[in-house]
Every structure is written in C-alpha cells, then in structure tokens.
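[1] no letters, just coordinates:
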C-alpha cells in the first residue's frame with residue numbers, strides 16, 4: 001500500500017492523474033483497499049461483466065484485443081471517468 005501511494009503521489013506531483021491497477025485477486029488480497037481509496041482503481045477483469053465491490057474508473061476487459069496499427073494482441077480498456085471526491 002505504501003509503495004502504491006508513494007508512486008501515485010509522485011505521478012500527481014508531475015501533474016498527471018494516477019490510478020492503481022490490479023486484477024480482482026490482487027486488489028482484494030494484495031492491498032488494503034481502504035488505504036489507497038484516494039486514488040482511482042483500474043481493474044483487470046476478463047469476464048463479460050466486471051464485478052468488484054469498490055468503484056473503479058477503468059476496466060481492462062481483454063488482453064487479447066486487436067487494434068489497427070498494432071501488431072499482435074493488445075489490452076482493451078474502458079474509461080468510465082475519475083470519481084469525484
């Protein structure tokens with residue numbers, strides 16, 4: 001949690017919007033999510049409909065997508081917007 005917070009604070013200091021990226025397992029078992037909720041979550045979940053207890057700003061729904069101009073598989077994401085605090 002401390003490393004994620006330090007990283008996000010540094011990114012924010014440089015004028016960018018940080019997010020904390022994880023799959024559901026890492027999110028639930030690798031972090032104390034209450035400690036990092038000041039930053040938006042970016043969740044990787046390849047199921048048809050993502051289910052995650054906490055709000056998230058971005059959903060990575062595929063790691064095997066296809067995009068014109070990119071060779072091979074690529075991640076596909078949907079950005080929902082950063083929740084207002």
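    Here it is on my side, so go on. It should be emphasised that the depicted structure is a prediction, and the values quoted were computed from it without experimental measurement.

[2] what about the residue nearest to residue 33 when sequence neighbours are not counted, which SS state?
    Excluding the flanking residues, the one nearest residue 33 by C-beta to C-beta, 6 or more residues apart in numbering is residue 54, at 5.8 Å. All C-beta atoms are positioned from the backbone trio N, CA, C, and that covers glycine. On the three-state scheme (DSSP: H, G, I helix; E, B strand; the rest coil), residue 54 is labelled coil.

[3] just give me the neighbour total for residue 54.
    For residue 54, the neighbour count with other C-beta atoms under 10 Å is 13.

[4] mind giving me the packing neighbours of the biggest strand by length in the chain?
    Scanning the chain for the strand with the most residues, using DSSP state E, yields strand 58-65. With contacts taken as 3 or more C-beta pairs under 8 Å, 6 or more residues apart in numbering; DSSP states H and E, strand 58-65 sits against strand 41-44, strand 74-79.

[5] give me the contact list for the longest one.
    What that stands for is strand 74-79. 42, 57-63, 65-67 (C-beta atoms under 8 Å, 6 or more residues apart in numbering).

[6] other SSEs contacting the longest helix seen in the chain?
    Assignment by DSSP state H gives helix 2-13 as the longest helix of the chain. With contacts defined as 3+ C-beta pairs under 8 Å, 6+ apart, helix 2-13 has no helix or strand neighbours.

[7] mind showing which ranges of the chain have poor pLDDT?
    83-85 (pLDDT under 70).

[8] quick check: the gap between the residue nearest the centre of it and residue 33.
    Using C-alpha atoms, centre = their mean, the residue of the chain that lies closest to the mean C-alpha position is residue 42, 1.3 Å off. According to C-beta to C-beta, to the nearest Å, residue 42 stands 13 Å off from residue 33.

[9] rewinding a little: tell me what the residue nearest to the centre of the chain is bridged to.
    Per DSSP bridges, the residues bridged to residue 42 are residue 21, residue 58.

[10] next, the buried residues of stretch 54-64.
    Going by neighbour count (16 or more other C-beta atoms under 10 Å), the buried part of stretch 54-64 is 56-61.

[11] since that was my last question, I'll sign off now.
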